[in-house]
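1. build the 3D model from these lines:
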Amino acid sequence: MSELPELVQDLALILVVAGFVTLLFKKLKQPLVLGYIVAGFLVSPHMSYTMSVVDQGDIQTWADIGVIFLLFSLGLDFSIKKILKMGASPIIAACTIIFSMMLLGVIVGHSFGWKEMDCIFLGGMVAMSSTTIIYKAFSDMGLTQQGFASTVMSVLILEDILAIVMMVMLSTVASGNSPDGVQLLGSIMKIGFFLVLWFVVGLFAIPLFLRSVRKILNSETLLIVSLGFCCLMAVISTQVGFSAAFGAFVMGSILAETVEADKIIRLVDPVKNLFGAIFFVSVGMLVKPDVIVQYAIPILLLVITILVGQALFGTLGYLLGGQTLKNAMRCGFSMAQVGEFAFIIATLGKSLGVISEFLYPVVVAVSVITTFLTPYMIRAAEPCYNVLIKHLPKRWVRRLTHIQTNNAGESASTNNLWKVLMKKMIFNTLIYGILSAAVIAIMFSAALPICRNLSIKWTGSHWIGNAVCGFLTILFIAPFLRSIVMKQNHSEAFKELWTDRRINRLPLTATILARVLIALSFIFYICNYLTRFKNALMIAVAVGLLILMLLSRWLKRRSITLERLFIQNLQSRDIEAQKQGKKKPLFANHLIDRDIHIANLELPDDSLWAGKTLYSLKLRNRFGVHISSILRGSKHINIPNGGTILFPGDKLQAIGNDEQLTKLSKAMKAELQPTITDIEKHEMKLRSFTISKTSPFIGKTLKDSGIRDEYNCMVVGVDEGQKNLTLITPSRCLQAGDVLWVVGEEKDLERILALG
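-> From the prediction side, this is the model:
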């Protein structure tokens, strides 16, 4: 008999222990992440009373895969359009919190006398709140429908994205002996370049590919294709100097903009849960009790630092972002813990060999303690607010309780045409410039050597190869260069500024000339790289080629087609979400300023409200909410009246404040049909009976007999002595001796059989 591989034995041990421990934690209503960490400690070599994992190297490999899939799933939940629509408020809050907490973590690390790299990585760890743990806490406490909860989740999404950037920067810092500002700036620019390139190319190509194979895609193939894309981008990311996790996140973000995103999320979720569990178990395996005892004082001080720091700087960040003092404190207090990204950053530092061995178990211990304290911190926000409000000057109280959120700069955008125009011009130039640079880099690194080799082989000179490669490169980037120059020149903002005042025409002309120079620089670079002509001649060639591009109707149509296809791909998920009622209406952001918001609620299948009108339910009188819209399948019922009947599965958009919407949600979940406990009593059975001479059914038609209406039974057929039952029509007159086969519940059948 062959021996079982150690990897299978280790996985069996990990999954069995993790399964039992997480069941216990689920029973105790604690986050499963903590259960995985405890399970990891139980199967680690540091726990001498239990079985231990044999080969930790294989488990670490699986844990690394877990990080990739965790980040891939995070990317699937992230949408770049969401960030753009959030406006400045969450960005200000996230940046304030991360910068302040990272600085605080570095200071605390130095106060312990730890080395420089330990302090830097510690700052990154304590700056990241846990999306998983906070969402679980909100869900357990019934706060998910409250306005401040959605604000917190918006900031957490941004924190997760900034954490990815932070990981890349920490890798850069760790790889250099003396990192300086120029090196960090170069890293940030490199991140930005590849992010834009991958997003634009990915959003153009991947939705196109998925649409072309949609007819042959099923759940199995979609899962394999999605994970294949994930691993491919992870490999590409490592090839250009980033981490595999960063590439997985980028691919998840690209797939998040496709119509198949929701289905991919459902399919990937079990895979993510499995490998994510192994990752968190591997985190627990690194917990060393002796290290925790040795560093008990730093652990307690770090816990206090996180609780106080997040409460203080979190509140400050949300205040600067435009929240009222009460909401800012509720948001800030909710973020007082560290979680999965602290482990991922610690794993990064450990893999790079730049952090001390003690730091990992210390951070795990801090995470466990702060996670347990999360619900208490959330509850403590309101009492702390009540105490603070009593001691603040009344003038401060008025200002801090009437701050309005600055949403996406809508009024500024409409009133300042210059700002709108310049923002769009810079954005377009940046996107098309990056695409052009990427095409040039690919052509010069991949196509140019091939063209030169073929040219030398056939003609004995490489100049023909240079010319062919240059021609193809200019042809490929021509749509992008044309868009750089011509885009926005016929926009409404440009026309209005041009006709509004003559003084605007000079700067508008300057913007055109600036974009012409940018386009010329790309053509000049290609000519200069591939030829030996004089600069003046190359400039003339560049100008001539650019004029041909601007005058070409074919190129114009081509660039418009490409742009429309890209926009269609970008908006496809939004259109699908609007059809399904998942997208909130445009006026939702304006309601936040008035301390009310929109919540999406789905009527349960067994709700007592089903079949009743809005008037009879009196939702406004009972809860103070307004139902603005009802989605039923693909049908939208906007501004429903009192006579509108609710059906199971209806999706209601309700407007109200936190308290009102919470009451509505609880009532909707509570008012359900009673659960059937004795299933056997309600089981449908088939019986036959013969109509006797004294039966009340004699002389009546099946329709008038009352067998269906009065006895809740259904006649299947009549037995006329043949092999098969004869179907009976409603108009047939029942006679003595007829043998009827009837379906119904036992109690109803007994009533009919008694009548005979």
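
2. show residues contacting stretch 44-55.
-> Contact with stretch 44-55 is made by 6-7, 9-10, 13-14, 17, 41-43, 56, 59, 284-289, as judged by CB atoms under 8 Å, 6 or more residues apart in numbering. Bear in mind the C-beta positions are built from the backbone N, C-alpha and C, glycine included.

3. from these, which ones fall inside helices?
-> If you go by DSSP state H, the contacts of stretch 44-55 have 6-7, 9-10, 13-14, 17, 41-42, 56, 59, 284-285, 289 in helices.

4. in the residues you listed, find the pair that's most separated.
-> Farthest-apart pair in those is 7 and 289; separation 26.6 Å (CB to CB).

5. which PyMOL command selects the buried ones in the ones in helices among the contacts of stretch 44-55?
-> A single PyMOL command selects the buried members of these (16 or more other CB atoms under 10 Å):
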select buried, resi 7+10+13+14+17+41+42+56+59+284+285
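
6. check pLDDT for the ones in helices among the contacts of stretch 44-55 and point me to the minimum.
-> On pLDDT alone, residue 56 ranks lowest of those, at 72.

7. how much space between it and residue 46?
-> 12 Å (CB to CB, to the nearest Å).

8. any common contacting residues for these two?
-> residue 285.

9. surely residue 257 and residue 203 touch.
-> Yes. In this structure residue 257 lies within contact range of residue 203 using CB atoms under 8 Å: 5.7 Å.

10. just want the most central residue of the chain.
-> residue 77 (1.3 Å; CA atoms, centre = their mean).

11. and that one, what's its pLDDT?
-> Confidence at residue 77, expressed as pLDDT, is 73.

12. wait, doesn't residue 76 sit right on residue 250?
-> No. If you go by CB under 8 Å, residue 76 and residue 250 don't touch, sitting 11.4 Å apart.

13. return the residues in contact with the residue nearest to the centre of the chain.
-> Counted by CB under 8 Å, 6+ apart, residue 77 has contacts 157, 252, 256, 265.

14. likewise residue 684?
-> Contacts of residue 684 (CB under 8 Å, 6+ apart): 743-745.

15. ok now stretch 142-152, how far from the chain's centre?
-> 16 Å (CA atoms, centre = their mean, to the nearest Å).

16. tell me the buried residues in it?
-> 143, 145-152.

17. measure residue 511 to residue 366 for me?
-> For residue 511, the distance to residue 366 - CB to CB - is 52 Å.

18. more neighbours: which of the two?
-> Higher neighbour count among residue 511 and residue 366: residue 366, with 25 against 17, using other CB atoms under 10 Å.

19. host element of the more buried one?
-> helix 359-391 (DSSP states H and E).

20. and that helix, what does it pack onto?
-> In terms of contacts (3 or more CB pairs under 8 Å, 6 or more residues apart in numbering; DSSP states H and E), helix 359-391 is packed against helix 32-42, helix 116-126, helix 131-140, helix 261-285, helix 289-294, helix 296-320, helix 325-334, helix 340-352.

21. so what's the gap between the second one and the chain middle?
-> In terms of CA atoms, centre = their mean, the centre of helix 116-126 is found 27 Å from the chain centre.

22. you'd agree residue 254 is in a helix?
-> Yes. Under DSSP: H, G, I helix; E, B strand; the rest coil, residue 254 sits within a helix.

23. hang on, it packs against residue 198?
-> Yes. Using CB under 8 Å, residue 254 is in contact with residue 198, at 7.1 Å.

24. the more surrounded of those two?
-> Set residue 254 next to residue 198 and count neighbours by other CB under 10 Å: residue 254 wins out with 26 against 20.

25. residue 647: neighbouring residues, count only.
-> 15.

26. identify the residue spatially nearest to it, adjacent ones excluded.
-> In this structure, residue 647 finds its nearest non-sequential neighbour in residue 610, 5.9 Å apart by CB to CB, 6 or more residues apart in numbering.

27. same deal with residue 126?
-> residue 105 (4.0 Å).

28. doesn't residue 124 make contact with the one you found?
-> Yes. If you go by CB under 8 Å, residue 105 and residue 124 touch, sitting 7.4 Å apart.

29. just checking, residue 741 is part of a helix?
-> No. Counting by three-state DSSP, residue 741 is not found in a helix; it is strand.

30. where do the strands of the stretch 501-650 of the chain begin and end?
-> Taking DSSP state E, counting those that start in this stretch to define them, one finds strands in the stretch 501-650 of the chain at 597-602, 626-632, 635-638.

31. gap between the longest one and the chain center?
-> For strand 626-632, the distance between its averaged C-alpha position and the chain's averaged C-alpha position is 25 Å (CA atoms, centre = their mean).

32. could you dump it to CSV, C-alpha only?
-> Provided in CSV are the C-alpha atoms of strand 626-632 (Å, rounded to 0.1, in the frame of the first residue of the first chain):
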residue,chain,number,x,y,z
HIS,A,626,-40.9,56.4,2.2
ILE,A,627,-40.8,53.7,-0.5
SER,A,628,-39.4,55.5,-3.6
SER,A,629,-39.2,52.5,-5.9
ILE,A,630,-40.0,48.8,-6.2
LEU,A,631,-38.1,46.4,-8.5
ARG,A,632,-40.0,43.3,-9.5
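
33. which parts of that strand are buried?
-> 627-631.

34. what mean pLDDT does it have?
-> Predicted confidence along strand 626-632 averages 85 (mean pLDDT).

35. again with the first one
-> This predicted structure assigns strand 597-602 an average pLDDT of 80.

36. which helices and strands does that strand pack with?
-> Using 3+ CB pairs under 8 Å, 6+ apart, strand 597-602 sits against helix 588-592, strand 651-656, helix 658-670.

37. what of the last one?
-> Packing contacts for strand 635-638, counted by 3+ CB pairs under 8 Å, 6+ apart, involve strand 626-632.

38. any idea how many residues pack against residue 346?
-> Counted with other CB under 10 Å, the neighbours of residue 346 add up to 25.

39. isn't residue 261 up against residue 255?
-> Yes. Residue 261 lies in contact with residue 255 (CB under 8 Å); the separation is 6.0 Å.

40. can you name the next helix or strand after the helix or strand bottoming out on mean pLDDT in the chain?
-> The helix or strand of the chain with the lowest confidence, counting by mean pLDDT, DSSP states H and E, is helix 410-415 at a mean of 40. Reading on from helix 410-415 to the C-terminus, the next helix or strand found by DSSP H and E is helix 417-442.

41. hang on, the earlier thing: now the residue nearest to residue 126: which helix or strand?
-> Applying DSSP H and E as the criterion places residue 105 in helix 88-111.

42. by contact count, what packs against that helix?
-> Secondary elements touching helix 88-111 (3+ CB pairs under 8 Å, 6+ apart): helix 116-126, helix 147-175, helix 296-320.

43. out of those helices, which gets nearest to residue 481?
-> helix 147-175 (29.7 Å).

44. which is the next helix or strand following the closest one?
-> helix 181-212.

45. in that next one, which residues are buried?
-> Applying 16+ other CB under 10 Å to helix 181-212 flags 187, 191, 193-200, 202-204, 206-207, 210 as buried.
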